[in-house]
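Asks: Need coordinates for the following:
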Amino acid sequence: MCLAKISRNPINTSPRTHSVKCDLPEDCHQSVLYGTDHGYALTHRLLFLQVARYARRCHVVSELEDTKLRNKFCSLCYRECLYISMNEFQDIDLFLEHIYFCSLEGHSQFIRRRWLAKIIKSQTREGCFPDSLDYKKNIRSGRIGDDDGTKINKRFSILGGRCNAHTTSLAAGVLAAAVRFILETFY
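Replies: Numbering: from 1, shown residues only. Model (predicted):
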């Protein structure tokens, strides 16, 4: 609901140095300021602030406070990425969301060689990414499909469950961020 509300804000066309306050109901302000500090709720709070800044050129609290919040959220996202990586990347979708949104903010610590290698290793032969890193293991063992107990997110499932459109788009965004980091750092 809050993302829909912010998308109805007009795009601020004043010079970049002059930010305006987003026109939002109080409950949207409250959810950004006092929402859940983990999981998808955390990522969506960050996304909300990014939409305000980059898509509407407005701020939710103030320019300075919004920047502090985005940095705080990325710090929390980094801790979750460490946790996910230490637990066999069980929640790859959340992991990719954290990396993608925080790399957009310029947080290069999310572009880690081991993490990128794990992401690339999960790519299917079709060139896309499944919604679980267990997918390839299940393919090799011949256990994949609707009746084998393998969790397939049908909402974004393509190519008979071999690919997940959401995970694939996140992985592409993360890999693009890595290429950007390499080019900006070394060239």
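
Asks: Report the helix or strand with the lowest average pLDDT across the protein.
Replies: Here the helix or strand of the chain ranked lowest by mean pLDDT, DSSP states H and E is helix 134-140, holding a mean of 51.

Asks: so what's residue 175 up against?
Replies: 116, 119, 120 (Cβ atoms under 8 Å, 6 or more residues apart in numbering). (Glycine included, C-beta is placed from N, CA and C.)

Asks: Could you rerun that using 10 Å?
Replies: 100, 111, 116, 119, 120, 123, 129 (Cβ atoms under 10 Å, 6 or more residues apart in numbering).

Asks: cool, residue 27 as well?
Replies: Residues in contact with residue 27 (Cβ under 10 Å, 6+ apart) are 1, 2, 5.

Asks: So which bits of stretch 175-187 are buried?
Replies: Neighbour-count burial for stretch 175-187, counted by 16 or more other Cβ atoms under 10 Å, picks out 175, 177, 178.

Asks: out of these, which are inside strands?
Replies: Among these, no residue falls in strands (DSSP state E).

Asks: In helices only, show me the residues you listed.
Replies: Per DSSP state H, helices hold the following members of the buried residues of stretch 175-187: 175, 177, 178.

Asks: any idea how far the second one is from residue 14?
Replies: When Cβ to Cβ, to the nearest Å is applied, the distance between residue 177 and residue 14 equals 29 Å.

Asks: And for residue 110?
Replies: Taking Cβ to Cβ as the measure, residue 110 falls 32 Å from residue 14.

Asks: Just want to know which of those two has more residues nearby.
Replies: Neighbour comparison, residue 110 and residue 14: the larger count goes to residue 110, with 25 against 9 (by other Cβ atoms under 10 Å).

Asks: Could you report the neighbour count for the closest residue to residue 14 other than its chain neighbours?
Replies: Spatial nearest neighbour of residue 14, excluding adjacent residues (Cβ to Cβ, 6 or more residues apart in numbering): residue 20 at 7.0 Å. As a burial measure, residue 20 scores 14 neighbours (other Cβ under 10 Å).
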